[in-house]
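A.B. asks: Sequence plus predicted model, see below.
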Amino acid sequence: MDNNIGESTDSQSALGQVAIPYVTDLRQEIINNTLFYTTKWTSRNMQFALISVPPNSETGLDVHYYSDQFFYVERGDALVIIRSCYDCPNIQSQVHDGYGIIVPAGMWHNIINIGGSDLKMFSIFAPSLHSYNTVFRTTQEWFDYYEYD
């Protein structure tokens, strides 16, 4: 259970620039999350999100030009692809429970669930990327929003 929902005390800021502390049972929150992507805490400088990727699905090849990103795999098996440009050769690595992935701003990346159950992760962006409470219930909603093929 969240001890704090992490909402901004500044109603004029979509990114929650004046954030309040957030305390949670992180492992339970990650495991219980059934949404593909949901922001749980946002400030101007950092954002925390939960991610659940179904089997045989992926986060989608993506780049954030101004935000570094950290992923932590709580449960599952995945193939991580990182490249410096869309068509450049890539770095690939298999990851599983307990692995961390750091993606610097400007690097293209994709995380593909290669396991038989949902891939359960969290991610931290610095600075924030989405507005507080952004939710994509499915990978299709994510792909539609970002206009992936």
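C.D. replies: That came through, no problem.

A.B. asks: This structure: strands as residue ranges?
C.D. replies: Assigned by DSSP state E, the strands in the chain fall at 37-42, 47-53, 68-75, 77-83, 90-96, 100-103, 108-113, 119-126, 135-136.

A.B. asks: tell me, what residue is most central in this structure?
C.D. replies: The residue lying closest to the centre of the chain (CA atoms, centre = their mean) is residue 123, at 4.0 Å.

A.B. asks: what bridges to that residue?
C.D. replies: residue 49, residue 71 (DSSP bridges).

A.B. asks: wait, it sits on residue 70?
C.D. replies: Yes: taking contacts as CB atoms under 8 Å, residue 123 lies within contact range of residue 70: 6.6 Å. C-beta coordinates here come from the backbone N, C-alpha and C atoms, glycine included.

A.B. asks: Residue 45 versus the residue nearest to the centre of the chain, what's the distance?
C.D. replies: As judged by CB to CB, to the nearest Å, residue 123 and residue 45 stand 15 Å apart.

A.B. asks: pLDDT score assigned to the nearest residue to residue 100 once chain neighbours are set aside?
C.D. replies: In this structure, residue 100 finds its nearest non-sequential neighbour in residue 72, 5.2 Å apart by CB to CB, 6 or more residues apart in numbering. pLDDT, residue 72: 98.

A.B. asks: Now residue 120: closest residue in space, sequence neighbours ignored.
C.D. replies: In this structure, residue 120 finds its nearest non-sequential neighbour in residue 75, 4.2 Å apart by CB to CB, 6+ apart.

A.B. asks: Thanks a lot, see you next time.
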